[in-house]
Every structure is written in C-alpha cells, then in structure tokens.
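>>> what follows is a protein structure lacking sequence information:
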C-alpha cells in the first residue's frame with residue numbers, strides 16, 4: 001500500500017484571486033494552481049503521488065469468486081454487463097478501506113435490504129428475535145448464497161500487503177465489549193455462530209466480532225461506538241446510483257460546512273461552471289426539516305435551489321464534494337454518467353483527475369455508457385498511467401477482470417469492439 005501524504009496543509013495554501021478570470025477559465029486556473037503546488041511538493045519528497053491500491057484481489061465476495069485486478073490507476077472506470085459485479089467491486093474497495101470498522105459492512109447489507117430478510121426465508125425456522133440480523137444479512141456477501149452451515153471459505157480482499165478477511169466462526173471469540181456496551185454485550189453477541197472481521201498485514205493481525213440480532217437502537221449505538229474506535233480508517237466516500245441512496249457516511253451539508261470559506265469551496269463552485277457558467281456561489285439553507293443547497297446566479301437577484309438547475313449540476317456537486325472531502329483516501333461512484341450530458345463528461349473526467357491528483361484521492365466508478373467510456377479514454381491520453389478501465393466479463397460462469405490502459409482502450413474503441 002502506497003504511503004500517505006507526508007504533508008497535507010500545503011495543498012490548500014493558495015487559492016485563486018477573486019479578480020482573476022471568470023467562469024470555466026477560473027476552474028482551470030484553480031486546477032493549474034493545485035497541480036503546480038503538487039509537483040513542487042512531490043519534487044521535494046513531501047508528497048507521494050502513487051494511488052493507495054495498485055492491484056486488488058477479491059475472493060469469495062458475491063459474484064466475484066476469484067477476481068484479480070492486476071493494475072489500478074488513480075481513476076478507475078469499471079464496465080461490464082448487468083449483474084456481473086461492478087457494484088460489488090466498489091463494495092470490496094470500501095470494505096478494504098474500512099478494515100475493522102464494521103459500519104461500512106452494515107451499511108452495505110442495509111442498502112440492499114439484506115439485513116431485513118426473515119430467518120424463515122433462510123433456513124425454514126422463523127426467529128423470535130426482532131430487529132436486524134447482521135449474521136444472516138452477511139451471508140449474502142459470500143459467493144453462492146450459502147447457508148450458515150455451509151459457509152467454508154472466508155471472503156478475502158487483498159490490496160498491497162493488507163488483507164481483509166470476513167468469516168463466519170462457530171466459536172466464542174475472546175473479545176472485550178466496545179465502550180458503552182458492557183451491559184448489552186452478552187445479549188447482543190451470541191455464544192454460537194458469529195461473524196468475524198480480520199485485518200491482516202505484514203505487521204499485525206486484528207479482529208472484531210459483529211453482533212448477530214440487535215434492535216435498531218443498539219445497532220445505532222454499535223455503529224457510533226465502532227466509528228469512534230476506528231477513527232484512523234482511510235477516508236472513503238461512496239456515491240450510489242439514482243436507484244439507491246448514497247451511503248450514510250456521505251453528508252453533503254456537513255462536508256460543505258467543513259469547506260465553507262476555504263479554497264476548497266472556490267474549487268467546487270468554479271468547477272460547477274462546467275455545466276452552468278452563471279453559478280457564483282453555493283450555500284446551504286434551511287428548507288423545511290432539512291438544509292438544502294441553493295445557488296446564486298449572475299444576473300439573478302434571488303437564490304435558486306441547486307436541484308432546480310438540473311440533475312447534472314446536482315450530480316457534479318456530489319462528485320466534487322466527495323473528492324475534496326476524501327483527501328488521502330477513496331471515492332466510489334456508482335454509474336458515473338447519471339445526470340451528466342455527454343458533452344460535459346470529458347471535462348468532468350478531467351476535473352476529477354486533476355482534483356484527485358491534488359488531494360491524493362483514488363477514484364473507482366462504474367458505467368454502462370459508451371459516451372462515458374469514450375470521454376474517459378480521451379482524458380486518459382494525457383494521463384496514461386493514471387487512468388485504467390476495468391472490464392468485468394463472465395466466462396463459463398466465472399467472472400474475471402480485464403484491464404485496459406489508454407492505448408488498448410483507444411484501439412478497442414476504434415475497432416468498434418465492446419468495452420462496456
């Protein structure tokens with residue numbers, strides 16, 4: 001695994017003069033400023049530009065029984081047919097980044113409604129327990145939809161010298177309760193089958209046992225305490241497709257509060273000019289029971305809800321917030337092209353590449369769109385080592401990964417061969 005930033009503060013030390021060029025030119029100037037500072041820090045040995053993961057091996061995770069992604073870049077676009085495992089690959093990266101923080105795992109099974117399946121539907125015996133069932137929900141993570149009794153091989157996700165292992169164990173683990181759970185521990189952690197998450201690297205081995213049945217309140221407390229206990233987890237923001245909700249970890253208004261009145265706010269605002277050059281500033285205001293983003297447009301006296309400017313602006317806003325808030329970590333984007341017209345996708349990829357490089361972020365995205373692939377390839381011509389297309393293919397019932405750099409991808413597109 002590549003080293004983290006040795007110095008981070010310098011990246012945000014300079015913004016763009018408000019008296020400088022406007023609209024799209026300002027956006028490019030911001031990128032040039034960050035890129036210049038990035039190159040200077042790297043030349044001094046204060047920053048390492050390599051992405052966190054240069055390869056990924058996924059074993060026994062959903063449809064990815066044994067998938068070896070031999071090459072990864074800073075931007076990685078995942079393609080393939082429906083139900084081949086594109087979203088599963090994003091989940092695997094998220095789990096690897098989370099390590100012992102089981103919040104990511106719980107959010108993944110919740111997003112697919114897998115923790116809500118009654119036990120009767122699993123093994124024919126209706127459970128008397130109420131609330132969510134993390135153990136049964138996690139069975140869906142294992143390849144082949146096994147029963148509790150038939151789980152043999154663990155899930156293993158390997159990147160660099162670190163391997164995340166998820167297994168179901170028929171034994172009592174020696175584990176102290178998390179802070180705040182001393183009284184509930186015996187109730188929520190059964191003495192038989194349990195789910196174990198282990199993180200192994202070249203130096204250490206740690207594990208944690210996940211509660212089985214537990215109420216929504218205990219579930220909430222467990223997640224909260226677990227996050228506190230794992231604050232050193234690598235940052236990872238996940239943006240879902242329009243068909244599902246973004247992860248609980250992605251909170252646009254909280255991110256905006258953290259970057260307001262900083263150079264990061266200028267970066268996001270100016271980048272939105274890719275779609276609407278009239279946008280001068282964005283703020284969050286109270287709209288009923290929740291805060292909503294609104295924009296100030298040049299030549300218009302009243303503020304406009306950001307969603308009122310179209311899906312493209314809202315989608316780009318989410319992507320930009322995800323990148324600038326994940327410094328030193330990962331951004332996962334399901335169906336990158338959602339809401340983005342084909343005419344702005346090349347500029348969007350260029351923007352994401354420049355910001356991801358400046359903030360040391362590694363991006364993984366999925367797509368079904370040929371326009372998205374073509375835009376990705378156009379940008380990759382000037383950044384061959386930083387951008388990789390990963391095509392998942394099912395052959396004889398097994399999924400394997402094919403990686404394409406800029407030249408191979410361009411050749412495939414020129415020949416009219418399928419790359420989605």
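Everything's here; your move. Since the model is a prediction, treat every value here as computed from it, not as a measurement.

>>> residue ranges with poor pLDDT in the chain?
For the chain, the stretches with pLDDT under 70 are 1-51, 116-135, 169-197, 199-232, 241-249, 413-417, 420.

>>> again, only this time at 50
Counting by pLDDT under 50, the chain has low-confidence residues at 1-35, 37-42, 44-49, 121-131, 172-176, 178, 185-192, 242-248.

>>> hey, where'd the helices end up in it?
In the chain, the segments counted as helices under DSSP state H are 23-43, 86-98, 103-111, 120-123, 134-138, 185-188, 216-229, 252-259, 263-271, 311-324, 342-358, 370-380, 406-414.

>>> between helix 86-98 and the third one, find me the angle.
The one in question is helix 103-111. Helix 103-111 runs at 150 degrees relative to helix 86-98, counting by axes from the mean of the first three to the mean of the last three C-alpha atoms, to 10 degrees.

>>> gap between residue 320 and residue 335?
17 Å (C-beta to C-beta, to the nearest Å). To be clear about C-beta, it is placed using only N, CA and C from the backbone, and glycine gets the same treatment.

>>> again, but for residue 166
Applying C-beta to C-beta, the value for residue 166 to residue 335 is 26 Å.

>>> of residue 320 and residue 335, which one has the most company?
Just comparing residue 320 and residue 335: by other C-beta atoms under 10 Å the higher neighbour count belongs to residue 320, 23 against 20.

>>> burial measure for the residue lying closest to that one once chain neighbours are set aside, as a count.
Spatially, and ignoring its direct neighbours in sequence, residue 320 is nearest to residue 268 (4.6 Å; C-beta to C-beta, 6 or more residues apart in numbering). Residue 268: 24 surrounding residues under other C-beta under 10 Å.

>>> got the contact list for residue 268?
259, 282, 317, 320, 321, 324 (C-beta atoms under 8 Å, 6 or more residues apart in numbering).

>>> and stretch 328-335, which residues are buried?
Across stretch 328-335, burial judged by 16 or more other C-beta atoms under 10 Å covers 329, 330, 331, 332, 333, 334, 335.

>>> make TSV from those and add distance to residue 276 to it.
Shown next, in TSV, are those (distance: C-beta to C-beta, whole Å):
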residue	distance to residue 276
329	29
330	28
331	22
332	26
333	21
334	24
335	22
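
>>> which of these sits closest to residue 376?
residue 333 (12.1 Å; C-beta to C-beta).

>>> what's the distance between that closest one and residue 318?
From residue 333 over to residue 318 (counting by C-beta to C-beta), the distance is 9 Å.

>>> what do the two both touch?
residue 239.

>>> in space, what's closest to residue 66 - neighbours in sequence excluded?
Leaving aside its sequence neighbours, residue 66 sits nearest to residue 59 (C-beta to C-beta, 6+ apart; 5.5 Å).

>>> neighbours of that neighbour, how many?
Count around residue 59 with other C-beta under 10 Å applied: 19.

>>> and residue 261, by the same measure?
7.

>>> again, but for the one 4 residues further on
Burial of residue 265 is recorded as 18 neighbouring residues (other C-beta under 10 Å).

>>> wait, it sits on residue 259?
Yes: taking C-beta atoms under 8 Å as the definition, residue 265 is a contact partner of residue 259 at 5.2 Å.

>>> tell me how many other residues crowd residue 352.
Every residue meeting other C-beta under 10 Å relative to residue 352 is counted, giving 26.

>>> list the contacts for it?
By C-beta under 8 Å, 6+ apart, residue 352 lies in contact with 75, 319, 323, 363.
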